[in-house]
Every structure is written in C-alpha cells, then in structure tokens.
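Trainee: A predicted structure for the sequence below; I have some questions about it.
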Amino acid sequence: MARIVILGGSFGGLTAAFKLKRLLGKKAEITVVSDEEKFVFVPSLPWLSLGLRSASDITLSVKPILERKGLFFLHEKAKGVDADTSKVITETKELSYDYLVIATGPYLAFEQVPGLGPDKGHTECIFTLDQAERAKKAWDRFLESPGTVVTGSVQGASCFGPTYEYAFEVDAELRKRKIRHKVPMIFVTPEPYIGHFGIGGLRNAKRLMEDEFAIRDIKIIANAAVEEFTPGEMKLKDKTKLPFKLSMFAPPMRGVPAVSHLGNPINGFIPVDGRYKHTKYKNIFVVGVAVAIAPPEPTPVPTGVPKTGDMTVRMAKTAARAIAADISGSAQPPEIPISVFCLMDMGKTAVYMKAAPVLPPRQDSVFKEGIRFKWGKVAFEKYFLWKTKHGVSRLP
Ligand SMILES: Cc1cc2nc3c(=O)[nH]c(=O)nc-3n(C[C@H](O)[C@H](O)[C@H](O)COP(=O)(O)OP(=O)(O)OC[C@H]3O[C@@H](n4cnc5c(N)ncnc54)[C@H](O)[C@@H]3O)c2cc1C
C-alpha cells in the first residue's frame, strides 16, 4: 500500500486528499498533516473583517470530514521535509512517504517592510482567520471615530484581488452607514497600474478599474514602494506621507519555512513541471500558493503572480491524477496550462475575470462587471463549503 502524506488542509491539501482517495481507494494510506484543525474559506475573509460573515459561517472542522472518507489527519505543524530519505518531520513524529503533496500555502513576510502587519506593526491584514477577526475589531473602533483609510499592497505582494475587494467593500459599507463623506480613501499598490493584478493586466481591466475607483472617489497611488509604517502614518519611498485612521495592507508572500529549502532560494516557492511534480524530487508534488510561477514581466516596483483558489484546486486534481497514474501504472494525465477564473467583489456588484492561460499572451480572457457576479460569488462560497464538507472531488 502506497503511503501518501499531504501537507496542508486547505484548498490544495483537501482537494488532493479527496481526489487521491477516490482514484486509489485501498491502494493508498493517505495522511493529511495540517497545523490548523479548521478549513477556512479564505475568499470570505474580507467579508468577515467587515462584519458580513462570522467564523462559523466559513469554517469547517477537517478531522471528521477526512476520517469519514477513510483518510488520516494529523493536527501538527510540519517542521521540515527530508526529501532524500522521503520523510516529513513534525513536532512529535517522523512520517515516511512514498509520495508527498505540499500544499502549505504562503508564509506572510510582514518583516520585509518596517511597521507592516497586525502583530508587530501598525496595519491590519485579512489573510488569515485570526487577522480578519482582529481587523473586524479595528473596523468597529474605526466606525466610532472615522478618518482616512489607506489600503492596498506593499512591494513584493502577489495576492492583489482581496485588497481591491476590501477597498470596494469598505466604500460600500461606509455609504450604507451614510458616513462616506467623512472618510478620504487612498489605495496604494506596487502594480505599475491599477488592474495589472500581477498578471500583466487583463483585457480592459485597467480602464474599468480606473473608472470604478473614480466613481467611488478612491484615490489611486500605483507603482508605489513603501518605506515604513508608523502608528497612524505610512511613508512611501518617494517620501510621500499618508496619515491614516485605518490601514489594511497585503504583505509579500514567501514559501513556508518547513518546505522553502525545496524551492527557489529567494522566495521559497517551489518549481514544478506541468503535472506539479517537483523538478528534482520525483515523488514530491506541489500545488497552490506554494508553487513557483515566474512573473510575466519585470515591474518597476516588484510584484508577484497571484495563485487563486480555483487554480489551486485544478493543480491539486492534476497532481492527484499523476500520482494515481504512477501507482497504478496507467497513462499520465495531460498537462493543462494554468488559468485563472475569479469573482472579485465590488460591494454592490462584482467582476468576473478569466485569464486562460494566466500569463499573456492568452487564448481567452474575460473581465466583466455585473450584479449577477456578486450573486455568483455568494453561491460559490456556499457551494465550495458544501463540497468540502462532503469530501466531493468529482465536481468542479
Ligand atoms: C483574503 C483572500 C481572499 C481571496 N479570495 C479569493 C477568491 O475570491 N477567489 C479565489 O479563487 N482565490 C482567492 N484567494 C486565494 C485563495 O485563498 C488561495 O489560492 C488558496 O487559499 C490557496 O490554497 P492553498 O491550499 O495553496 O494554501 P492555503 O489556503 O494558504 O492553505 C495552506 C494550508 O497549509 C497549512 N500549513 C502551512 N504551513 C504548514 C506546516 N508547516 N505544517 C502543516 N500545515 C501547514 C495551513 O494551516 C493551511 O491549512 C484569496 C486569498 C486571500 C488571502
């Protein structure tokens, strides 16, 4: 029986686990190792940070879901991987594997910019459940005494979508409360222009986003590098000072320390082939945010390529098919170029974006706004949570 260890219990890890179980049944013993016992539907964290969701709305306990499916769960942090001897080292155990799937997501590198982040700095973040719950408390305090909001991303960031969502949602929530006129809003980003998204732009995204920010009276500062955050103020490298009452910034992302030695020495993201197999270790597969994707073009201020949930799910399914084919001795699955399908909330409405493949030149691309995409985003949340709760891997 093949021993498969999966690191990470989120979009990538759970999808790989369900798919491998379905393809291999009793031919494999599959263990998911995660330092979080809960699956968090991360795309809803911007909503949670503004009081539009609670933690119980968007989290699931992973252990019973996996055990019902005949999968094992180890609630521990992986401390390292010895790829030469095929072992995962956790806090209390060493797990030998025949195949390893790495789906550990990002390490959030707040230390890259002085004063960045909620723990040791002066900005909020909405990238984990704890951070988003803390940002909600900051939001409640802000509503009692509103002032300037400065939000966006710092240099080296790659996950831009949620920062756009946060800006649009803050605007919508303030208008709902009839206090938008008390709140100057500024969106700061390392992207060379608004709508670049780290993927070299997408169709008419630049024009549409410029219009949407203008309609909402949100000032854009693009191509920006941040020097530091101090309490209530940010300073850009060009010495511009921006005082704020509330500030939420996306940090740069890196590979997590337990696996970064298997990746690129600069950022710890891990290089893979077209079926998400490590380029050096043939029994290690990597999916989701942990994967290295080179930016489509150098930008004056560094930016990275975002890796979305949908992209992660498709990577995990391909990796699972490749592992199952290896074990069963059947034909390998086709290599599918990475594409992006994403719904970005804009408060009352939303945008549907498709980039296929993710980096230009593209065969197919869409960037459309509409109220139906907002309904679609809410429906997707319910659908994905339902699908995860039941361990379904056959559906998209
Ligand atoms: C705020 C926000 C909003 C987003 N909105 C969207 C959206 O609308 N649509 C979309 O498609 N995508 C969205 N994304 C992107 C999407 O959330 C990610 O692509 C997806 O979460 C990546 O899944 P993953 O499994 O690679 O990593 P993650 O979801 O980051 O999961 C990593 C897992 O690994 C575990 N882990 C990490 N280190 C260790 C260790 N050492 N040992 C054991 N376990 C470990 C973690 O606890 C976690 O369970 C958003 C991202 C953010 C931050």
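Mentor: That came through fine. Numbering: from 1, shown residues only.
Trainee: Tell me the residues on the protein that lie near the ligand, please.
Mentor: Contact residues (C-beta under 6 Å from any ligand atom) of the chain with the ligand: 7-13, 33-36, 42-43, 45-46, 77-78, 103-106, 126-127, 159, 161-162, 256, 258, 288-290, 307-310, 312, 342. All C-beta spots, glycine's among them, are computed from the backbone N, C-alpha and C.
Trainee: Out of those residues, which end up buried?
Mentor: Buried members of the residues of the chain next to the ligand, scored by 16 or more other C-beta atoms under 10 Å, are 7-13, 33-35, 42-43, 45-46, 78, 103-106, 126-127, 159, 161-162, 256, 258, 288-290, 307-310, 312, 342.
Trainee: Find the closest residue to the ligand in the stretch 201-350 of the chain.
Mentor: The ligand sits closest to Gly288 of the stretch 201-350 of the chain, with a gap of 2.1 Å, by C-beta to the nearest ligand atom.
Trainee: And the stretch 51-200 of the chain, by the same measure?
Mentor: For the stretch 51-200 of the chain and the ligand, the shortest gap (C-beta to the nearest ligand atom) falls at Gly105, measuring 2.2 Å.
Trainee: Can you tell me the closest non-neighbouring residue to Lys38?
Mentor: Using C-beta to C-beta, 6 or more residues apart in numbering and skipping residues adjacent in sequence, the residue nearest Lys38 is Thr59, 4.5 Å away.
Trainee: Spit out the contact partners of the one you found.
Mentor: With contact set as C-beta atoms under 8 Å, 6 or more residues apart in numbering, Thr59 has these partners: Lys38, Phe39, Val40, Phe41, Leu129.
Trainee: what's the answer for Val101, then?
Mentor: Residues near Val101 by C-beta under 8 Å, 6+ apart: 4-7, 12-13, 16, 20, 285-287, 316, 319-320, 323.
Trainee: ok, so what distance separates Ala167 from Asp345?
Mentor: Going from Ala167 to Asp345 by C-beta to C-beta, to the nearest Å gives 11 Å.
Trainee: what's the answer for Phe41, then?
Mentor: As for Phe41, its distance to Asp345 is 13 Å (criterion: C-beta to C-beta).
Trainee: got it, and Ala109?
Mentor: Applying C-beta to C-beta to Ala109 and Asp345 gives a distance of 26 Å.
Trainee: So between those two, which is more surrounded?
Mentor: Legend: neighbour count by other C-beta atoms under 10 Å for Ala109 and Asp345, higher for Asp345 (25 against 18).
Trainee: ok, what's across the strand from Val226?
Mentor: When bridges are called by DSSP bridges, Val226 pairs up with Leu236.
Trainee: Quick check: it touching Leu236?
Mentor: Yes: judged on C-beta atoms under 8 Å, Val226 makes contact with Leu236 at a distance of 6.0 Å.
Trainee: where do the helices sit along the chain?
Mentor: Residue ranges of the helices in the chain, as given by DSSP state H, are 11-24, 45-48, 55-58, 62-68, 129-144, 161-176, 205-215, 309-328, 371-389.
Trainee: For those helices, give me TSV that also has mean pLDDT.
Mentor: Shown next, in TSV, are the helices of the chain (pLDDT from 0 to 100):
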stretch	mean pLDDT
helix 11-24	98
helix 45-48	98
helix 55-58	98
helix 62-68	97
helix 129-144	98
helix 161-176	98
helix 205-215	98
helix 309-328	97
helix 371-389	97
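Trainee: any chance of these in JSON lines, plus distance to His122?
Mentor: Shown next, in JSON lines, are those (distance: least, C-beta to C-beta, whole Å):
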{"stretch": "helix 11-24", "distance to His122": "30"}
{"stretch": "helix 45-48", "distance to His122": "20"}
{"stretch": "helix 55-58", "distance to His122": "25"}
{"stretch": "helix 62-68", "distance to His122": "33"}
{"stretch": "helix 129-144", "distance to His122": "11"}
{"stretch": "helix 161-176", "distance to His122": "17"}
{"stretch": "helix 205-215", "distance to His122": "24"}
{"stretch": "helix 309-328", "distance to His122": "29"}
{"stretch": "helix 371-389", "distance to His122": "31"}
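Trainee: who wins for proximity to Ser247 among these?
Mentor: The closest of these to Ser247 is helix 129-144. By C-beta to C-beta, the value is 8.9 Å.
Trainee: who touches the closest one?
Mentor: Contacts to helix 129-144, defined as C-beta under 8 Å, 6+ apart, come from residues 38, 40, 45-46, 48-51, 55, 59, 118, 124-126, 149, 177, 179, 245-246, 248.
Trainee: List the contacts of stretch 112-124.
Mentor: For stretch 112-124, the external contacting residues (C-beta under 8 Å, 6+ apart) are 49, 108, 110-111, 125, 131, 134-135, 138, 154-156, 226-232, 234, 246-249, 251-252.
Trainee: If we use 6 Å, what do you get?
Mentor: Stretch 112-124 is contacted from outside by 110, 125, 131, 134-135, 138, 154, 226, 228-231, 247-249, 252, using C-beta atoms under 6 Å, 6 or more residues apart in numbering.
Trainee: Looking at those residues, which is nearest Ser328?
Mentor: Distance to Ser328, by C-beta to C-beta, is smallest for Pro252 among the contacts of stretch 112-124, at 40.3 Å.
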